[in-house]
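[1] dropping the sequence and predicted coords here.
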Amino acid sequence: MAAEQNTQVKSADRVLDLFELLSRSSRGVSHSNIADRLGIPKSSLTPLLRNMVLRGYVILGADGRSYQLGPQLLKLVRIGRIASDLAKEATSFLQQATREIGETSAFNQLHDDQQEVVATVTGRHRLTTHMKVGEVAPLYATSGGKAMLALMPEDYRNDYYKRVQLEASTESTIVRRAALEKQLEEVRKTGVAYSFEEWTSGIVGVGVAVAGPDDFPIGSINFAIPAARYNEELGKNAARALKRCAADMGRLFDDFGGGFAKRSD
């Protein structure tokens, strides 16, 4: 087991060493030069470079012999910066949404297999819901979590279901995968997810996902509304406000080469 772990660490070090080396050369580095400078046998370097090229993390230079950093790696860096900026700027967007609807709003991001509240604004009503920064909740039981799940690729969701047990938090929690998938299909059509007292009794959630440049959810925004006040008209108004908020947040992507908020008008 120790030998296997050492091999895995060595392979990871080689990939990181390769990225660092290529980042210091704007004109690319040849196969032989990479092998010499990193001390990697050419027989091991060849398949490593082949895999990196296939996945877009490394590209061949114009001369066909040198290697450079690829667009996939740069895209990951860009997405990371977008996610960080959204978390910092979210409060101002949420304030506008809450002023419009009067309900408590939140911006959530993925935290392992859950959603985490990273920004929140409390509603103006006497009877209101309070969400706290740092709170985590299951994706399958919350409106913001469902909005993100709906955007994820099918293979990602399949892996998610293997890792996560759908457990009831309330009498209304959806605990059958087929029923949840049917709901997620509707979310993909409308752009809006709902949680009718599925995570917290007495609370209705309305959520919209915010997608990154590769369409993968970079977060979600949601309202948490007391069930005693919720009605169809309020739900529709909340959905429209969230879509506008998501569109406004999506404009932050322009500074990083494009991006958009996933929405349905």
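    Arrived safely.

[2] give me the distance between the two termini of stretch 105-118.
    11 Å (Cα to Cα, to the nearest Å).

[3] I meant stretch 99-114, not that one.
    Stretch 99-114 end-to-end distance (Cα to Cα) = 28 Å.

[4] list the buried ones in the host helix or strand of T46?
    Counting by DSSP states H and E, the element that carries T46 is helix 42-54. Neighbour counts over helix 42-54 (16 or more other Cβ atoms under 10 Å) mark L45, L48, L49, M52 as buried. For every residue, glycine as well, the C-beta is placed using N, CA and C.

[5] and the first one, what is it in contact with?
    Listed by Cβ atoms under 8 Å, 6 or more residues apart in numbering, the contact set of L45 reads H31, I34, A35, L38.

[6] kindly write the ChimeraX command that selects the buried subset of the residues you listed.
    In ChimeraX, this line selects whichever of these come out buried by 16+ other Cβ under 10 Å:
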select :34,35
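
[7] tell me which of the contacts of L45 fall in helices.
    Mapping the contacts of L45 onto helices (DSSP state H) picks out H31, I34, A35, L38.

[8] distance to L74 and pLDDT for those - can I get that in TSV?
    Formatted as TSV, these follow (distance: Cβ to Cβ, whole Å; pLDDT from 0 to 100):
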residue	distance to L74	pLDDT
H31	22	91
I34	19	90
A35	24	89
L38	21	88
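
[9] H130 is in contact with V117, correct?
    No - using Cβ atoms under 8 Å, V117 is not in contact with H130; the gap is 10.7 Å.

[10] out of the two, which sits in the more crowded spot?
    V117 (20 against 10; other Cβ atoms under 10 Å).
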